[in-house]
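Student: can you look at this prediction? I've put the sequence above it.
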Amino acid sequence: MPLQKTPSPQPAASAARLLRRVGFFVLAAAPLLSMASRRGFVIAVPFGSILLIMATLIESETNKPWQSIGRMAVSICGIAGLFVLLWAGLSLIWTPFKSEAMARLANMIGLVVLVMTTVASLPVHSRASNLHLLAIGLGGAIVLANGLSIWSLNDPDLVIDPLFTERLPLFASVLLFPCIGWLHSRQRFGGALMLLVFTGSFLILHEAYAALFSLTLGIVFYGLAVWRATWCRWLSGMMTIGLLVLAPVLPFVLRPLTKWAFGATDLNVDALRAWGRLVQREPLRLMTGHGFDVTARAKAAGLIEPTAPRGLLFELWYDLGLLGVVGVAIVLLMIIRASSKSAPVLAPGILATLICAFSLTVLGQVALQSWWVTLIGLVVIMWFAIEQGQYHTIRPRSISTRSH
């Protein structure tokens, strides 16, 4: 009787698994690479994404994996995002800094296409070993960062790159929640707590109070979502979309309160006063904006007061006006709604990530820079991969269990 031979794995499937493992390894190493090079993070994320796409191209012989790109594009969130990009492109007609804005918009469109293609290329079920790499990569970066921070306290002659103290706290606070969401879904509560403690200690050592505030706010919303998911989604929508839509009213409401609380010479009072003057001087520009990516260069050129505020609320209204704000608000609303359709164990982390990233942009800690857009793209890829890594079936009970 001839022996049955175990079929050997197909070379294409083996190569795809290897490429996918390397791709996740590169994405996991991105926070570590950001500590070694200013361009390390911006290069690592697209490179890891391309490896994931190549793995699916090798493994798939049909176009079925890529059909989800069309579904994403025609969804409400996709249409709203596409409208924002189209409106940003149209605003280049009246922006005074066309060449710089065109280059940045082209980079943003390219990254959006890359992220959508990467999400579409993810397998139906992501391997847990690949997703563990994401948490390990962030944990390794935070442990190394804490070590360097303590070393710098003991050795005053140690010179640390300013990038280390400016960007890494923002990386850590935003990337923490996808990693916690994954560990929570696998009931690795000890690992999630350790990651949270190390990240919090790093932010405290570097006095990154804005990142620490955003991280704390995200943790609060994480707890609220675990306790009352529906109520937390409603509160998240009111907070994000409400602030976006009502932003032009804020300088007139907050300036008297800020002046009473901190005095007339406070910098925040000057910022709100400058914002209010712009609203009163050019009310029609609230509809169209002044053009994509014009705020920072307008300050440098003296077109607006240097004391004008930083952050998403002012810059989005000044650049893209009401139409751009409405598009961004719809995208945020769809993200909040999508959290209700994800696995219940992941919904708190999705909301916490949104609130943390949103608060960082409102506080003016980040602008529309390549590294920040790349970071948001990495977070999107991570959450889709984590969603694909959840169990979609219920294991049947064993015969011995059913008999008792």
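Tutor: Arrived safely, thanks for sending.
Student: when you work out contacts or count neighbours from here on, use the C-alpha atoms and nothing else.
Tutor: OK.
Student: low-scoring pLDDT stretches of the protein, where are they?
Tutor: Scanning the chain for pLDDT under 70 picks out 1-9, 61-66, 155-165, 391-404.
Student: give me the longest helix you can find in it.
Tutor: helix 312-341 (DSSP state H).
Student: could you list the buried residues of it?
Tutor: Judged by neighbour count using 16 or more other Cα atoms under 10 Å, the buried positions of helix 312-341 are 312-337, 339-340.
Student: which other helices and strands contact the next helix or strand after it?
Tutor: Per DSSP states H and E, the first helix or strand lying C-terminal to helix 312-341 is helix 347-362. Applying 3 or more Cα pairs under 8 Å, 6 or more residues apart in numbering; DSSP states H and E, we find helix 347-362 packed against helix 168-185, helix 209-227, helix 229-245, helix 312-341.
Student: redo those as TSV? Include distance to Asn268.
Tutor: Listed next are the helices and strands packed on helix 347-362 as TSV, based on distance: least, Cα to Cα, whole Å:
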stretch	distance to Asn268
helix 168-185	22
helix 209-227	15
helix 229-245	17
helix 312-341	13
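Student: so which of the ones you listed is nearest Val113?
Tutor: helix 312-341 (16.2 Å; Cα to Cα).
Student: tell me the angle the closest one makes with helix 347-362.
Tutor: Angle of helix 312-341 versus helix 347-362, following axes from the mean of the first three to the mean of the last three Cα atoms, to 10 degrees, is 170 degrees.
Student: now helix 312-341 and helix 229-245, what's the angle there?
Tutor: Using the same axes, to 10 degrees, helix 312-341 lies at 160 degrees relative to helix 229-245.
Student: and helix 312-341, what other elements does it pack with?
Tutor: On a contact count with 3+ Cα pairs under 8 Å, 6+ apart, helix 312-341 meets helix 76-90, helix 229-245, helix 285-288, helix 295-301, helix 347-362.
Student: rerun at 10 Å
Tutor: Under the contact definition 3 or more Cα pairs under 10 Å, 6 or more residues apart in numbering; DSSP states H and E, helix 312-341 sits against helix 76-90, helix 229-245, helix 250-262, helix 267-281, helix 285-288, helix 295-301, helix 347-362.
Student: now these as a markdown table including distance to Val124?
Tutor: Below are the helices and strands packed on helix 312-341 laid out as a markdown table (distance: least, Cα to Cα, whole Å):
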| stretch | distance to Val124 |
| --- | --- |
| helix 76-90 | 21 |
| helix 229-245 | 26 |
| helix 250-262 | 45 |
| helix 267-281 | 48 |
| helix 285-288 | 42 |
| helix 295-301 | 42 |
| helix 347-362 | 19 |
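Student: pick the most deeply packed of those helices.
Tutor: When neighbours are counted by mean count of other Cα atoms under 10 Å, the highest per-stretch mean among the helices and strands packed on helix 312-341 falls to helix 347-362, a mean of 24.
Student: now find how far off-centre that one is within its chain.
Tutor: Its chain's average C-alpha position is 8 Å from that of helix 347-362, according to Cα atoms, centre = their mean, to the nearest Å.
Student: need the CA coordinates for that helix. CSV is fine.
Tutor: Output in CSV follows, covering the C-alpha atoms of helix 347-362 (Å, rounded to 0.1, in the frame of the first residue of the first chain):
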residue,chain,number,x,y,z
ALA,A,347,-14.0,49.6,19.2
PRO,A,348,-12.5,51.4,22.3
GLY,A,349,-9.1,51.5,20.8
ILE,A,350,-10.3,52.9,17.5
LEU,A,351,-12.1,55.7,19.3
ALA,A,352,-9.2,56.4,21.6
THR,A,353,-6.8,56.6,18.6
LEU,A,354,-9.1,59.1,16.9
ILE,A,355,-9.4,61.3,20.0
CYS,A,356,-5.7,61.2,20.7
ALA,A,357,-4.7,62.1,17.1
PHE,A,358,-7.4,64.7,16.9
SER,A,359,-6.4,66.4,20.1
LEU,A,360,-2.8,66.6,19.0
THR,A,361,-3.7,68.4,15.8
VAL,A,362,-6.0,70.8,17.7
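Student: and the following helix or strand past it, which residues are buried?
Tutor: Per DSSP H and E, the first helix or strand lying C-terminal to helix 347-362 is helix 370-388. Going by neighbour count (16+ other Cα under 10 Å), the buried part of helix 370-388 is 371-388.
Student: outside of stretch 262-281, which residues touch it?
Tutor: Residues outside stretch 262-281 that contact it (Cα atoms under 10 Å, 6 or more residues apart in numbering) are 248-260, 283, 285-286, 304-310, 314, 317-318.
Student: quick one, what contacts Ala172?
Tutor: Going by Cα under 10 Å, 6+ apart, Ala172 touches 31, 138-139, 141-142, 195-196, 198-200, 202-203, 211, 215.
Student: and the gap between it and Cys356?
Tutor: Per Cα to Cα, to the nearest Å, Ala172 is found 11 Å from Cys356.
Student: and Trp317, by the same measure?
Tutor: Distance of Trp317 to Cys356, given as Cα to Cα: 21 Å.
Student: before we move on, what about Pro96?
Tutor: Relative to Cys356, Pro96 is positioned 33 Å away (Cα to Cα).
Student: what about Val124, which SS state?
Tutor: Here Val124 is coil, with the state taken from DSSP: H, G, I helix; E, B strand; the rest coil.
Student: pull the number of nearby residues for it.
Tutor: If you count neighbours by other Cα atoms under 10 Å, Val124 ends up with 12.
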